[in-house]
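Q: how would this look folded up:
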Amino acid sequence: MAQEQMPHKLMLQDRRELTVTAVTEVCSFDDRLVVLETQQGKLTVHGQELQLKQLDGGQTRVAGTVTALVYEEGGTARTFWGRLFG
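A: Residues are numbered from 1 along each chain as shown. Model (predicted):
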């Protein structure tokens, strides 16, 4: 029996608190950048004073001032050489 996927949702409240569901991995984080792998691809959160507040069962909460949310196309980042020769 196939495992049912959690729906991927983003909820941003007053640009101060972001909740993301269907997170499979926290790739990296610091106070200005959080990179999350989700079931819909890699999501990068840009901001100021960012903090990971909750990591629970595929749900992640980020607090701080959110300035941008960016999804990577194609699921994986391409290197300079990959773009040049690919």
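Q: Show me the shaky parts of the protein.
A: 1-4, 74-86 (pLDDT under 70).
Q: for Ser28, phi and psi?
A: Main-chain torsions, Ser28, degrees, to the nearest 10: phi -160, psi 160.
Q: where along this structure do the helices fall?
A: 80-85 (DSSP state H).
Q: Is Asp31 in contact with Gln51, as I believe?
A: Yes: between Asp31 and Gln51 there is a contact at 7.5 Å, judged by CB atoms under 8 Å. The way it works is simple: take the backbone N, C-alpha and C, and place the C-beta from them, glycine included.
Q: Quick check: neighbours shared by these two?
A: Common contact partners of Asp31 and Gln51 (CB atoms under 8 Å, 6 or more residues apart in numbering): Gly64.
Q: and Val70, what does it touch?
A: Going by CB under 8 Å, 6+ apart, Val70 touches Leu43, Thr44, His46.
Q: Can you name the residues bridging to it?
A: Note on Val70: beta-bridge partners Thr44, judged by DSSP bridges.
Q: Also Leu33?
A: Applying DSSP bridges, one finds that Leu33 bridges with His46.
Q: start at 392 instead
A: From this message on, residue numbering opens at 392, which makes the last subject Leu424.
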